[in-house]
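Novice: have a look; sequence and predicted model below, questions after that.
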Amino acid sequence: MSIPCPRCQSPFTPGATSCPGCGSSLLLEAVPGSTEPTCAVHPTLRGLATCERCGAFACAGCLRSGVSGEAVCEACAAREPNLPMPWDEREELGTLKAFWKTCVTVLLRPETFSRARSEGSASSSLLFVLLCSLPPFFVTGLTYLGMFILMPAMFPLPQKEGQPEVPFALMGMGMFVASILLGPVMLVAMTVINAGIDHLVLRMGNVTRGFQVTLRAHALSQAPWVLGVVPFIGAQVAPFWALVARVFAYRGLHRTTWGVAVAGALLGPALFCFLCGGSYMALILFAASQLGGN
């Protein structure tokens, strides 16, 4: 929700104390004896909007954004849901049990994000991503190892005299090691980069909470990657399931609207696909023009 500035009518979001249009302070002194509403908490300050939960007038210093982007007073905002996710209870549950319960919650009950705690450390978020990446990359590496070991029997190659034997088993072992060592590191790095891009989009949608909230939401939404334990199928399903979970996570943890959450989750991947697809198309058209010229 946007509220008009009393001076220039430029819209500002609840929580701002200065106008983004004219730059003037929104903490306006109330005129004694006037009919202007005053803040229920600070009666010397002018009330700029009413809380959509309790109906009380609130000054700029007391206004906050609610779960769906509505204007609420500071007291009602403080009563917002702040339940810990199982991942936040690692000391009580143990890391592996907390990880598994969080994955089940995100996979089957993503609406839990609307009641979940928004804040979390960056190290905690990245540790969750690292654990999510281990099952799929281990299974992927194991699949490649098996394929390379079985390849000589399935597709025998003619062996010329004096020609060295192709070390398929060694190549498969190399693929296995590279998958379990490099795969998780790459997923953690991509999580940070993609969360940064998503955060820029969310900020354009008037989201005011910090990057750590976006990183936490992005990290927890990676839970579907545990489906990668199913060879081939899991890797095809997990990215789409994670995108859906990310929409719920952005809406719930940032307390924003569905539209902003969808934009934050999808615009980054859509831009990436557009750039990659455009690059491939440009290469194909260039190659076709060269062949046509010859």
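Specialist: Thanks, I have it. Numbering: from 1, shown residues only.

Novice: contacts and neighbour counts: CA atoms only from here.
Specialist: Noted.

Novice: quick one: low-confidence parts of the stretch 1-150 of the chain?
Specialist: 1, 66-69, 80-81 (pLDDT under 70).

Novice: try it again with 80
Specialist: Residue ranges of the stretch 1-150 of the chain with pLDDT under 80: 1-2, 65-70, 77-82.

Novice: tell me which stretches of it form helices.
Specialist: For the stretch 1-150 of the chain, the helices defined by DSSP state H, counting those that start in this stretch cover 74-78, 90-93, 95-108, 122-154.

Novice: a markdown table for these, including distance to residue 179 and mean neighbour count?
Specialist: Listed next are these as a markdown table, based on distance: least, Cα to Cα, whole Å; neighbours: other Cα atoms under 10 Å:
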| stretch | distance to residue 179 | mean neighbour count |
| --- | --- | --- |
| helix 74-78 | 45 | 16 |
| helix 90-93 | 27 | 12 |
| helix 95-108 | 22 | 18 |
| helix 122-154 | 5 | 19 |
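
Novice: adding distance to residue 205, write the ones you listed out as JSON lines.
Specialist: Listed next are the helices of the stretch 1-150 of the chain as JSON lines, based on distance: least, Cα to Cα, whole Å:
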{"stretch": "helix 74-78", "distance to residue 205": "19"}
{"stretch": "helix 90-93", "distance to residue 205": "33"}
{"stretch": "helix 95-108", "distance to residue 205": "24"}
{"stretch": "helix 122-154", "distance to residue 205": "23"}
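
Novice: after the helix or strand where residue 218 lies, next one along is what?
Specialist: Per DSSP states H and E: residue 218 is located in helix 211-220. Going down the chain from helix 211-220, the next helix or strand is helix 233-254, by DSSP H and E.

Novice: what mean pLDDT does that following helix get?
Specialist: Across helix 233-254, pLDDT averages out at 91.

Novice: what residues go with each domain of this structure?
Specialist: Domain assignment for the chain, taken from automatic domain parsing, gives 1-80, 86-293.

Novice: tell me what angle the helix holding residue 218 forms with helix 122-154.
Specialist: Calculated by axes from the mean of the first three to the mean of the last three Cα atoms, to 10 degrees, helix 211-220 forms an angle of 30 degrees with helix 122-154.

Novice: quick one: helix 211-220 to helix 95-108, angle?
Specialist: Using the same axes, to 10 degrees: helix 211-220 against helix 95-108 is 80 degrees.

Novice: helix 211-220 packs against which elements?
Specialist: helix 122-154, helix 168-204, helix 233-254 (3 or more Cα pairs under 8 Å, 6 or more residues apart in numbering; DSSP states H and E).
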